[in-house]
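In: Build me a structure from this.
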Amino acid sequence: MGLVRKGWPMESMLRLRLTEDGADAERLDALTGFLRQELLQLDVDDVIALPADELPLGARGLGATTVGGLLVDLGSAAQGLSAVVKAVRAWLKRGRKTHRSVRLELGGDVLELSDASAADQDQLVELFIGRHSLPGQER
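Out: Residues are numbered from 1 along each chain as shown. Prediction:
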């Protein structure tokens, strides 16, 4: 992980990688910007755009899709991760006419959300958040 903000603990840094089938660089940049603005409204410390060379190793594109990335500092808010995942899922739903995908990476764990059923996504999200919640913390 090349880009680390001074003072950002590694365990509070969530990387997001957005893709949309058929999206050119301009469209994906706009989508990434819209999602960033939504995430900044949540109880997180900061959200910054990542340059392409800062995306996780092994990140794969979908066809001609360009990849957009964000780094979210979850801070110490108990609901930070849950709120971010909820916002990402809402963003995915708004793109029903196109295939969108979001890859979330935190502490070496990866969660990829895309066309899975709502029930499957609920189960995956619960497992992912559970692995990154402190004991006694609400999910």
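
In: number of nearby residues for the nearest residue to Asp46 once chain neighbours are set aside?
Out: Using C-beta to C-beta, 6 or more residues apart in numbering and skipping the chain neighbours, the partner closest in space to Asp46 is Asp73 (4.5 Å). To be clear about C-beta, it is placed using only N, CA and C from the backbone, and glycine gets the same treatment. When neighbours are defined as other C-beta atoms under 10 Å, Asp73 has 17 of them.

In: Would you list the phi and psi of Asp73?
Out: Backbone dihedrals for Asp73, given as degrees, to the nearest 10, come out at phi -90, psi 110.

In: Could I get the contacting residues of the spatially most central residue of the chain?
Out: Against the mean C-alpha coordinate of the chain, by C-alpha atoms, centre = their mean, the closest residue is Leu16 at 3.2 Å. Listed by C-beta atoms under 8 Å, 6 or more residues apart in numbering, the contact partners of Leu16 are 35, 69-72, 88, 102-105.

In: what about it, which helix or strand?
Out: Leu16 belongs to strand 13-20 when assigned by DSSP states H and E.

In: Tell me the strands beside that strand, with direction?
Out: Partner strands and pairing direction for strand 13-20 (DSSP bridges) are strand 68-73 (antiparallel), strand 100-106 (antiparallel).

In: Please spell out which residues along the following helix or strand past the first one are buried.
Out: Which is strand 68-73. Using DSSP H and E, the helix or strand that follows strand 68-73 towards the C-terminus is helix 80-94. Within helix 80-94, the residues scored as buried using 16 or more other C-beta atoms under 10 Å are 80-85, 87-88, 91-92.
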